[in-house]
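J.: Task: produce atomic coordinates for the following.
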Amino acid sequence: MKNVSKRLTLVYAGIAALVLLLIVLFETEVLESGVMAEDKQSEFLLTFVMELVSLGAAFLGLRLFKFKTVHDDLVTRKEAAMMKWGLIRLLIIEVPMLADTLLYYIYMNTTFGYLGIMLLLCMPFVYPSMNRCIAETTEEEK
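T.: Predicted coordinates for the structure are as follows:
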C-alpha cells in the first residue's frame with residue numbers, strides 16, 4: 001500500500017505543481033492573460049460548461065469511494081483498486097481545477113477562478129496519505 005500511496009501522492013502533487021506553474025507564468029507575464037476576453041460567446045458557453053463540470057467533479061470526487069461498487073472493489077482488491085480509483089478521484093478533481101485556472105487567465109473571468117478555488121478546497125479531503133489509503137480499503141464495522 002505504501003507504493004500506491006507514493007504514486008498517488010506524486011500525481012496529486014504533480015497536477016498541483018502544474019496549476020502553480022500556470023499561475024506563475026501568467027502572473028509574471030511570460031504568458032499573456034486575457035487573450036480571449038473579447039469573445040463573450042465562447043466565454044459564456046465555457047462558463048456554463050465549467051460550472052457544471054466543476055460542481056459535478058467536487059461532488060463526485062468527494063463521494064466516489066462511498067458508492068457501493070467502488071467501495072466493494074476497494075475492500076476486495078485493495079492495492080490494485082486503490083491505485084485505479086484513487087487515480088480516477090484525483091483526476092476528477094484536479095483536471096477541472098487545472099482547466100479552471102487556465103480559463104481564468106485566458107478570459108480573466110473571476111467565475112473560473114472561484115470554481116478553481118472551490119476544487120482547491122476539496123483537495124485536502126482526497127490527499128492520498130498512507131493512513132487514508134489503508135482506511136479506505138478496510139471494511140467498516142457496523
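J.: show me where the chain has helices.
T.: Applying DSSP state H to the chain gives helices spanning 2-27, 40-63, 68-77, 79-107, 110-122, 130-136.
J.: what about those helices, which gets the closest to Gly34?
T.: Of all the helices of the chain, it is helix 79-107 that lies closest to Gly34, at 7.3 Å by CB to CB. Every residue, glycine included, has its C-beta placed from N, CA and C.
J.: Let me know which of the helices of the chain is tucked in deepest.
T.: Stretch with highest mean neighbour count among the helices of the chain: helix 79-107 (a mean of 20; mean count of other CB atoms under 10 Å).
J.: Would you reformat the helices of the chain as a markdown table and include distance to Ser33 and mean pLDDT?
T.: What follows is these, written out as a markdown table (distance: least, CB to CB, whole Å; pLDDT from 0 to 100):
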| stretch | distance to Ser33 | mean pLDDT |
| --- | --- | --- |
| helix 2-27 | 5 | 95 |
| helix 40-63 | 14 | 95 |
| helix 68-77 | 39 | 91 |
| helix 79-107 | 5 | 95 |
| helix 110-122 | 12 | 95 |
| helix 130-136 | 36 | 89 |
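J.: Distance to Gly34 added to those, as JSON lines?
T.: Formatted as JSON lines, the helices of the chain follow (distance: least, CB to CB, whole Å):
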{"stretch": "helix 2-27", "distance to Gly34": "10"}
{"stretch": "helix 40-63", "distance to Gly34": "11"}
{"stretch": "helix 68-77", "distance to Gly34": "41"}
{"stretch": "helix 79-107", "distance to Gly34": "7"}
{"stretch": "helix 110-122", "distance to Gly34": "12"}
{"stretch": "helix 130-136", "distance to Gly34": "39"}
